[in-house]
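**Q** One predicted model, sequence on top.
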Amino acid sequence: MRTDTAQIVRLEDYRPGDFLIDRVELDVRLHPTATRITAILALRPNPEGRADAPLRLDGDELKLKALAIDGRALPAGEFEASPQELVIAQPPRRPFTLTIETEIDPTSNTKLMGLYRSSGNYCTQCEAEGFRRITYFLDRPDVMAVYTTRIEAGRDEAPVLLGNGNLVESGDVDGTGRHFAVWHDPHPKPSYLFALVGGRLGKIAKPFTTMSGREVELAVYVEPGKENRADYALDALERSMRWDERVFDREYDLDVFNIVAVSDFNMGAMENKGLNIFNDKYVLASPEMATDADYANIEAIIAHEYFHNWSGNRVTCRDWFQLCLKEGLTVFRDQEFSSDERSRPVHRIAEVKTLRARQFVEDAGPLAHPVRPAQYREINNFYTATVYEKGAEIVRMLKTIIGDEDFRRGMDLYFERCDGTAATVEDFLRAFADVTGRDLSHFARWYVQSGTPRVTVRGAYDEGAKTYRLDFEQVTPPTPGQPVKEPMAIPVVLGLVARDGRPLQATGERVSRHGVFMLDKTTDSLTFEDVATPPVPSVFRGFSAPVKTSLDLSNEELLVLLRHDTDAFNRWEASQTVAMRLLVSLSKGDPILDEDMLGLSSALNSFISNDAMRDPAFAALVLTLPSEADIAQEIGRDIDPDAIHHARIEMRRRIGQACRGNLQELYTGLADTGAYSPDAASAGRRALRNVTLDLLAGADPDLGERTAREQFESASNMTDRLASLNVLMTLPGDAREHAIDTFEERYRDEPLVLDKWFTLQAAIPEDATLKRVRRLMSHPGFSISNPNRVRSLVGSFAMLNQMQFNRADGSGYDFLAEIVLRVDELNPQLAARLLTAFGTWRMMEKMRRSHAKNALLRIAGKPNLSRDVSDIAQRSLE
Ligand code: ARG
Ligand code: ZN
């Protein structure tokens, strides 16, 4: 495909299709290399379309075998078929059926889009445009049809046959060794939600009774023998279903809900109607092999995909520009679920850490785009942190602004009005405008303007008048295609804290009854009356808007917030801001004042003794220093990753030494007791203990090595084992290499655990790592065609190892470029994902910048690139 001529799809060009499809009957005869698909489509002209238009069906690498209209074979002159399109110039101008027979090769489908084989099992991935790799179709989400799917396969090869909806019939095909299953999904859906599975799979199941008394079977299918690792996923599914009933009044609507885990998958999971397909990494877990973070991810992704049944499936998207309509909303819903199941403040901090690490970085780089993009060349490149995470922040801000009750009423109205339709962002906002009577047109700018606003806040106390004034100013830096920015409607949740810790009244006519001040102009100010003493302002509580802030607070004032704020998010934020200031100074080679260092370490010391055990998960977050990537973002230009790395090591050493006694006590006090449980409280204790170990190792490498080795040998679960290994990775020497070997020995037959082993080594902050990564690419457990393996080794090197990926000699960039080009020939989506690691290249110092640019130019100049990779390469260079 020639990429510079690749078409740009624009939102403004949207128009309804010329035809609709009401029903689809599929007959799929599975065969490893020659699967036959017969599709009978019930078509009719769209009253909103053009009356004389040809019928153009999308295809992708298809082979047409037969074609008929209303059962009559179509003569050769009446259609044109290529692998990517089927055109019928003069189709009937009334309802008719089109029968299409195609043949595909699932075994050689390495793109993992459409129908493919993973470990011998057949599965599908159709979002965004994979259905057209199965049959010719109107492959756009506003074409919604009722599907009946007959799947046939060899009984030995694929004893399990699954489709969307409910099973209506199954049996043997006499005398052939083959069998079939017929699945019917009564809910009209777009083709991207189609799925089928065939293979040898083990199953665990449990019954579920919905709120109205409907009986549903919940099942999880995994590789035979791994059934006992699927319990947590099944439990998370049941909890998600209960939660959606209780919190959003949403009930499930089929007789079965199936989840299938596959080992080759481009993304996390997929919400196909009644048949979710998952990357096995987000299903399989056991204490021996999964970490606390794995358990939390499984819970969140199971919930996410289940919640799509309403936000995505019952109400779907009109076109792919509306992707955030389902993804942002569903991320918001899964975040709320995890917050309810775990600890709300701790989860909020985790969400914000991810948002900053991924979305803020994206928004500050060449790939910045609005939550609702206005154009795309390749839609798969828009499954981004911006669409997902910033999309969720917009929903959260809406809830903050209008309050919980109106938010719930608006959601109800949205689901009721849009059920069974393909909707837009406007439809979503209209529901909330209608229930509140508010004008949300300014707020809607969050969907169209890219870039992260920076809000500067200055406070002034008037001793005589006893008033306190806050001055706000917002600026959004230019982003690609958007040189000029308008002010955003930013909800600021705020409060005032007295220096002795008492909360002060912070009401006023400009602060709503939900405690929100709306900053919707470039500058504004807010005055509080009757403020008895000079306060410390606590702004953007709970991270009430996805913005960067500059506060004119001293470190000492920030540490008042760490000690006393009633808002847990801002307590954490205060600790991070002070640490960040010191880290930035150290990175730039500026002197840091002893009193500033002492201020932070004594605040942390008293935090450890007074607060750490009250909420260990929260304490672990407070005691974790900003990452190297965070520091780079804060510096923003002419970045020297070596300097940042050494600054962080230095800070870790100083904090570790200053808090040593307290840390040691914590480490011992939090010792592992009893059986592993993945619950949030237990995970919090482990997190705190492991942060403690890391700081102790920073303070005293010998002690660190001894303790980490002991923990590695005695650990009863993967969380503690991996944490000790992570600490050992920072300590070169025999102990480290021995631990690496022991781990490999133990888990060489467990691909998902070996992934952790690849990641560990890819992140080692030393010069020899690039060589090590290259060597690991020929490890028998590595495979260039498996997305999880590639991401664990190559992806982690590029994303987690700031110093080595951004090597001064450019060899880190060259390596990534080489792998991207290799992967592109197999799996363009995966290659394009890896390539986004270049998103920070313009922020690097001159030498690195020029090496990175050369690597990008080399990629962009390669002939026959996929559209996925060429799109990212070109935008990265613009
Ligand atoms: N809708 C899926 C989710 O729940 C993501 C699927 C994206 N797949 C793709 N090939 N772009 O987030
Ligand atoms: Zn999703």
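**A** On my side now, so go ahead. Ligands and ions are numbered 1, 2, ... in the order given.

**Q** unless I'm mixing things up, Gly120 is touching Arg200, no?
**A** Yes. Contact criterion Cβ atoms under 8 Å: Gly120 and Arg200 qualify, at 7.2 Å. All C-beta atoms are positioned from the backbone trio N, CA, C, and that covers glycine.

**Q** Give me the common contacts of these two.
**A** Residues touching both Gly120 and Arg200 (Cβ atoms under 8 Å, 6 or more residues apart in numbering): Glu157.

**Q** Please confirm that Leu41 is located within a strand.
**A** Yes. Counting by DSSP: H, G, I helix; E, B strand; the rest coil, Leu41 falls inside a strand.

**Q** Can you report how many residues neighbour it?
**A** 23 (other Cβ atoms under 10 Å).

**Q** my guess is it meets Ile21, correct?
**A** Yes. Applying Cβ under 8 Å, one finds Leu41 in contact with Ile21, separated by 5.1 Å.

**Q** ok, Leu816 touching Gly795?
**A** No. With contact defined as Cβ under 8 Å, Leu816 does not count as touching Gly795 (9.5 Å).

**Q** quick one: common contacting residues for those two?
**A** 834, 837.

**Q** Is it correct that Ala181 is in contact with Leu161?
**A** Yes. Ala181 lies in contact with Leu161 (Cβ under 8 Å); the separation is 4.0 Å.

**Q** higher neighbour count, those two?
**A** Leu161 (25 against 21).

**Q** Residues in contact with whichever strand or helix holds that one: which ones?
**A** Using DSSP states H and E, Leu161 sits in strand 160-163. Residues outside strand 160-163 that contact it (Cβ under 8 Å, 6+ apart) are 149, 151-153, 170, 179-183, 185, 195-201, 203, 221, 258, 260, 275.

**Q** average pLDDT for that strand?
**A** Averaged over strand 160-163, pLDDT sits at 99.

**Q** cool, stretch 624-631 as well?
**A** 98.

**Q** first to last residue in it, what's the distance?
**A** 13 Å (Cα to Cα, to the nearest Å).

**Q** next one: stretch 801-812
**A** End-to-end distance for stretch 801-812, by Cα to Cα: 10 Å.

**Q** So which bits of it are buried?
**A** In terms of neighbour count (16 or more other Cβ atoms under 10 Å), stretch 801-812 has its buried residues at 801-807, 810-812.

**Q** I'd like the list of those that fall within strands, please.
**A** Nothing among the buried residues of stretch 801-812 maps onto strands, per DSSP state E.

**Q** Tabulate those residues (JSON lines), appending pLDDT and distance to ligand 2.
**A** Formatted as JSON lines, the buried residues of stretch 801-812 follow (pLDDT from 0 to 100; distance: Cβ to the ion, whole Å):
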{"residue": "Asn801", "pLDDT": "98", "distance to ligand 2": "28"}
{"residue": "Gln802", "pLDDT": "98", "distance to ligand 2": "29"}
{"residue": "Met803", "pLDDT": "98", "distance to ligand 2": "33"}
{"residue": "Gln804", "pLDDT": "98", "distance to ligand 2": "32"}
{"residue": "Phe805", "pLDDT": "99", "distance to ligand 2": "28"}
{"residue": "Asn806", "pLDDT": "98", "distance to ligand 2": "31"}
{"residue": "Arg807", "pLDDT": "98", "distance to ligand 2": "35"}
{"residue": "Gly810", "pLDDT": "98", "distance to ligand 2": "37"}
{"residue": "Ser811", "pLDDT": "98", "distance to ligand 2": "37"}
{"residue": "Gly812", "pLDDT": "98", "distance to ligand 2": "32"}
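
**Q** excluding its backbone neighbours, what's nearest Glu463?
**A** Pro534 (7.8 Å; Cβ to Cβ, 6 or more residues apart in numbering).

**Q** ok, how many other residues are close to that neighbour?
**A** Applying other Cβ under 10 Å, I find that Pro534 has 15 neighbouring residues.

**Q** Output the below-cut-off pLDDT ranges for the protein.
**A** 1-6 (pLDDT under 70).

**Q** Enumerate the residues of it near ligand 2.
**A** 327, 330 (Cβ under 5 Å from the ion).

**Q** how about a cut-off of 8 Å?
**A** By Cβ under 8 Å from the ion, the part of the chain that sits against ligand 2 consists of 269, 271, 304-305, 308, 312, 326-327, 330-331, 388.

**Q** For the residues you listed, give me a markdown table that also has distance to Val869, secondary structure and neighbour count.
**A** Formatted as a markdown table, the residues of the chain next to ligand 2 follow (distance: Cβ to Cβ, whole Å; DSSP: H, G, I helix; E, B strand; the rest coil; neighbours: other Cβ atoms under 10 Å):
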| residue | distance to Val869 | secondary structure | neighbour count |
| --- | --- | --- | --- |
| Ala269 | 24 | strand | 24 |
| Glu271 | 26 | coil | 23 |
| His304 | 27 | helix | 26 |
| Glu305 | 27 | helix | 24 |
| His308 | 28 | coil | 26 |
| Gly312 | 28 | coil | 25 |
| Lys326 | 26 | helix | 24 |
| Glu327 | 23 | helix | 24 |
| Thr330 | 28 | helix | 26 |
| Val331 | 26 | helix | 26 |
| Tyr388 | 21 | helix | 24 |
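
**Q** Now narrow those to whatever sits close to ligand 1.
**A** Near ligand 1, taking Cβ under 6 Å from any ligand atom as the test, the members of the residues of the chain next to ligand 2 found are 269, 271, 304-305, 308, 327.

**Q** and those as TSV, adding distance to Arg430?
**A** As requested, these are exported to TSV (distance: Cβ to Cβ, whole Å):
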residue	distance to Arg430
Ala269	30
Glu271	24
His304	25
Glu305	27
His308	21
Glu327	19
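
**Q** mind listing what the strand holding Leu161 pairs with, with the direction of each?
**A** The strands beside strand 160-163 in its sheet (DSSP bridges) come out as strand 196-199 (antiparallel).

**Q** Tell me where the stretch 151-300 of the chain has strands.
**A** Assigned by DSSP state E, counting those that start in this stretch, the strands in the stretch 151-300 of the chain fall at 160-163, 166-173, 178-189, 196-199, 202-209, 215-222, 256-262, 269-270, 275-279.

**Q** would you turn the ones you listed into JSON lines with distance to Tyr136?
**A** As requested, the strands of the stretch 151-300 of the chain are arranged in JSON lines below (distance: least, Cβ to Cβ, whole Å):
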{"stretch": "strand 160-163", "distance to Tyr136": "20"}
{"stretch": "strand 166-173", "distance to Tyr136": "26"}
{"stretch": "strand 178-189", "distance to Tyr136": "18"}
{"stretch": "strand 196-199", "distance to Tyr136": "17"}
{"stretch": "strand 202-209", "distance to Tyr136": "34"}
{"stretch": "strand 215-222", "distance to Tyr136": "30"}
{"stretch": "strand 256-262", "distance to Tyr136": "26"}
{"stretch": "strand 269-270", "distance to Tyr136": "22"}
{"stretch": "strand 275-279", "distance to Tyr136": "23"}
